[in-house]
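>>> Structure of the sequence below:
(chains A and B)
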2 protein chains.
Amino acid sequence: MNLYKAVLVLSIASSSVYAGQWQALPDTPPIPADNPQTLEKVELGKILFFDPRLSSTGTVSCNSCHNVMEAGDDSRPVSMGVKGQKGGRSAPTVWNSAFLSVQFWDGRAPTLEAQAKGPVTNPIEMGMKDWDTTMARLKSIPGYAPLFKAAFGEDNPMTADNAVKAIAAYERTLITSNSPFDRYVKGEKTALSSQQIKGMNAFANLGCTACHSGANFSGPTMPMGTGWFMKFPTYAGSQYESKYRLTEDQGRYEATKNPADKHMWRVPTLRNVALTAPYFHNGAVKTLDEAVRVMAKTQLNKDLSDEEVQNIVAFLNALTGNFPAQLMPRLPGISGKSVISE
Amino acid sequence: MNLYKAVLVLSIASSSVYAGQWQALPDTPPIPADNPQTLEKVELGKILFFDPRLSSTGTVSCNSCHNVMEAGDDSRPVSMGVKGQKGGRSAPTVWNSAFLSVQFWDGRAPTLEAQAKGPVTNPIEMGMKDWDTTMARLKSIPGYAPLFKAAFGEDNPMTADNAVKAIAAYERTLITSNSPFDRYVKGEKTALSSQQIKGMNAFANLGCTACHSGANFSGPTMPMGTGWFMKFPTYAGSQYESKYRLTEDQGRYEATKNPADKHMWRVPTLRNVALTAPYFHNGAVKTLDEAVRVMAKTQLNKDLSDEEVQNIVAFLNALTGNFPAQLMPRLPGISGKSVISE
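Modelled structure (predicted):
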């Protein structure tokens, strides 16, 4: 083998390693067969997503905790629902959530449709008594009937199942492509700084990619409903565990009561992670550099140097994508009446 | 004078009465000399208007109570600020508020700029400690500095005064032209139904226009800061007064402590009134037809027939304008940190 050939082979080998390990975010996420995307459904879903009348007090919409004008979360340690009540966990971002094979921190919802059913009737989130009450309220707003009809075309389309299908369809449009990382992977070699490339290599070499793999940095592509779970902390007893109360919440076990699920958590996406502070399920870690240190110690039993931390943080900043421009929906009105009384 | 001439004169007289009495909403409101509109200022103002990080908890933005995706209010009897605290009054609509010569129900703010300073530091509304704290928070979000610079071009543009100037500039773009009423006034004679025309005539003949005059149905055009106030109830002692607790709140007196201001209120716009239930300063009246009855009795000492009420309500529905489409703002992020800690 002459030198030219050797370089060529090496180059191909190196490219193919990269092609497998680093993946750009697809423009479209998996779409379930029983809920195909249509413009009408997405538009209805957007309206519902932004409508605070889906909460008992008329003050909390899906967007309140998953603010699409921000990075799809609420900047808070834990979310705040109706009447100022605090939830137990930090709101995960809605952006790119369509790439996750299960929803919620503990993965208890197999689909975005199932997820959307939860907060509306959770007494400390949106506080509606039940979905019948919710749908009765939507039915009392005349503008909703034609929107449901256009989206679902059924005789009796105003059902909770259709409402959450529409919300999920809208959420499947919330994709942030074309981050510096994505452009780099697609061949734009100047899209990342040398520090970001160092961080990317450190991210892989330290083993972060064992969990944060795939195009969404949330694990391998899996059938919807499967879930990619890891134990957190994997290495017990670090100083971070008590400092940030990492084991107070038992994670997936709280949902399943299966002892094997104690402290198991869905691996969250790292897309736009630089914009979703504070961090972890309880929002106890305020900064991204500290979150990187905590992860390295609790999951890989490694103490990182400041330089390693800064390089990885620089890389994680390269995962901030483009947030597509969106028109505000008009929320249907009701002539001369209000649906909120409390 | 022959018949032709008589009809002509009558027609001119009638037209000129109409031309004076009924006015289409202008496309642009009064603009103060010290805060000219610019695209950059309006865009910054929109971002600030939608940014919940202007509240202590990060959960309440200007838009929370003045939802531009709805009719510029919150559908609630009284508004709900941080931590679920209820305010004392119902949120007035932000749409077309630029045509009002004073702001707040009691007119205590002479301009939209002055109004915007209030809720941010009100402990039961947005709950920020003071404007210094608010501006310090905005300064900690790197994306805001270039936006203030582009809007104000000063050496030190990130001031509270500039923040509220930008918010006010955005609010001056929130105009709902081209309602059926406006189209009718401009000559499209089929824009109103015969019932709506009956209601319009009743509205004038009963005397509603004594207060709800002008293009905005909120009184005559006056210099900014002047205010068009009326006593409510004017006729004391009706059954509605106790039923709806109309005199518990003493209106402008609460702000001025001037006995002459007891139960004086700024005359609110009737633009989009069909979409801003519930009604009055305390949101105690749930429906528009009841609001019409209450007004007729308390302000004109008249008991309306059901038909009169329905005709007037039909006319008021014709004041629902076009809500111009708007792009959602992107709220500037902050890398790896959050500004909300509570």
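>>> do you know how far the residue nearest to residue A:184 when sequence neighbours are not counted is from residue A:319?
Sequence neighbours aside, residue A:191 is the residue nearest to residue A:184 in space, at 4.2 Å (criterion: Cβ to Cβ, 6 or more residues apart in numbering or on different chains). Every residue, glycine included, has its C-beta placed from N, CA and C. Remark: distance between residue A:191 and residue A:319 (Cβ to Cβ, to the nearest Å) = 12 Å.
>>> Contacts only, for residue A:261.
By Cβ atoms under 8 Å, 6 or more residues apart in numbering or on different chains, residue A:261 lies in contact with A:229, A:250, A:251, A:252, A:253, A:255.
>>> Check what pLDDT it gets.
Listed pLDDT for residue A:261 reads 98.
>>> cool, residue A:180 as well?
Looking at residue A:180, its pLDDT is 98.
>>> go on, residue A:342?
At residue A:342, pLDDT is 74.
>>> Do a quick rundown of the strands in the stretch 151-300 of chain A.
Counting by DSSP state E, counting those that start in this stretch, the segments of the stretch 151-300 of chain A that form strands are A:229-231, A:264-266.
>>> if you compare those strands, which one is most tucked away?
Highest mean neighbour count among the strands of the stretch 151-300 of chain A (mean count of other Cβ atoms under 10 Å in any protein chain shown): strand A:264-266, with a mean of 22.
>>> Packing partners of that strand?
Applying 3 or more Cβ pairs under 8 Å, 6 or more residues apart in numbering or on different chains; DSSP states H and E, one finds that strand A:264-266 makes contact with strand A:229-231, helix A:252-256.
>>> In a markdown table: those, plus mean pLDDT and distance to chain B.
Formatted as a markdown table, the helices and strands packed on strand A:264-266 follow (pLDDT from 0 to 100; distance: least, Cβ to the nearest Cβ, whole Å):
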| stretch | mean pLDDT | distance to chain B |
| --- | --- | --- |
| strand A:229-231 | 98 | 22 |
| helix A:252-256 | 97 | 25 |
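>>> who wins for proximity to residue B:158 among the ones you listed?
strand A:229-231 (42.3 Å; Cβ to Cβ).
>>> who does that closest one touch, helix- and strand-wise?
Looks like strand A:229-231 contacts strand A:264-266 (3+ Cβ pairs under 8 Å, 6+ apart).
>>> Centre of the chain to the strand it packs on, how far?
14 Å (Cα atoms, centre = their mean, to the nearest Å).
>>> returning to that earlier point: now tabulate the strands of the stretch 151-300 of chain A in CSV and tack on distance to residue A:117.
Listed next are the strands of the stretch 151-300 of chain A as CSV, based on distance: least, Cβ to Cβ, whole Å:
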stretch, distance to residue A:117
strand A:229-231, 21
strand A:264-266, 18
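>>> and of those, who's closest to residue A:94?
strand A:264-266 (14.6 Å).
>>> Can you tell me, leaving aside adjacent residues, what's nearest to residue A:121?
residue A:128 (5.2 Å).
>>> got a list of what that neighbour touches?
Shown in contact with residue A:128 (Cβ under 8 Å, 6+ apart): A:54, A:55, A:56, A:120, A:121, A:134, A:137.
>>> let's see 7 Å
A:54, A:55, A:56, A:120, A:121, A:134 (Cβ atoms under 7 Å, 6 or more residues apart in numbering or on different chains).
>>> now do residue A:214
Residues counted as contacts of residue A:214 (Cβ under 7 Å, 6+ apart) are A:23, A:220, A:221.
>>> what do you get for residue A:277?
Taking Cβ under 7 Å, 6+ apart, we find residue A:277 in contact with A:286, A:287, A:288, B:336, B:337, B:338.
>>> how about those in a markdown table, adding neighbour count?
Formatted as a markdown table, the contacts of residue A:277 follow (neighbours: other Cβ atoms under 10 Å in any protein chain shown):
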| residue | neighbour count |
| --- | --- |
| A:286 | 18 |
| A:287 | 16 |
| A:288 | 23 |
| B:336 | 22 |
| B:337 | 17 |
| B:338 | 23 |
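>>> Nearest to residue A:39, out of the residues you listed: which one, please.
residue B:338 (35.0 Å).
>>> sorry, back to before: tell me which two of the contacts of residue A:277 sit farthest apart.
A:288 and B:338 (10.0 Å).
>>> circling back to that earlier point, just send the contacts of residue A:128 back as TSV, with secondary structure too.
Formatted as TSV, the contacts of residue A:128 follow (DSSP: H, G, I helix; E, B strand; the rest coil):
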residue	secondary structure
A:54	helix
A:55	coil
A:56	coil
A:120	helix
A:121	helix
A:134	helix
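>>> Reformat the residues you listed as TSV; add neighbour count.
Formatted as TSV, the contacts of residue A:128 follow (neighbours: other Cβ under 10 Å):
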residue	neighbour count
A:54	24
A:55	23
A:56	23
A:120	24
A:121	19
A:134	21
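>>> Serialize these to CSV and add fields for distance to residue A:282 and pLDDT.
CSV is the format used below for these (distance: Cβ to Cβ, whole Å; pLDDT from 0 to 100):
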residue, distance to residue A:282, pLDDT
A:54, 26, 98
A:55, 23, 98
A:56, 25, 98
A:120, 23, 98
A:121, 23, 98
A:134, 29, 98
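>>> hang on, the earlier thing: ok, residue A:191 and residue A:319, which is more surrounded?
More crowded of residue A:191 and residue A:319, by other Cβ atoms under 10 Å in any protein chain shown: residue A:319, with 24 against 18.
>>> Spit out the contact partners of the more buried one.
Residues in contact with residue A:319, defined by Cβ under 7 Å, 6+ apart, are A:179, A:181, A:217, A:270, A:271, A:272, A:273.
>>> Would you map the helices across chain A?
A:3-21, A:39-50, A:62-65, A:112-121, A:131-139, A:144-152, A:160-171, A:180-185, A:194-206, A:239-243, A:252-256, A:288-300, A:306-317 (DSSP state H).
>>> Could you tell me the least trusted of those helices?
Lowest mean pLDDT within these: helix A:3-21, at a mean of 45.
>>> What lies in contact with stretch A:334-341?
Contacts to stretch A:334-341, defined as Cβ under 7 Å, 6+ apart, come from residues A:53, A:57-58, A:137, A:140-142, B:75-76, B:274, B:277-278, B:286-289, B:313, B:317.
>>> Could you list the alpha-carbon positions for it in CSV?
Taking C-alpha atoms only, stretch A:334-341 is exported to CSV below (Å, rounded to 0.1, in the frame of the first residue of the first chain):
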residue,chain,number,x,y,z
ILE,A,334,-66.5,33.5,22.7
SER,A,335,-69.0,36.3,22.2
GLY,A,336,-70.0,38.1,25.3
LYS,A,337,-69.0,35.4,27.8
SER,A,338,-66.0,34.1,29.6
VAL,A,339,-65.3,30.4,30.4
ILE,A,340,-63.2,31.3,33.5
SER,A,341,-65.0,31.9,36.8
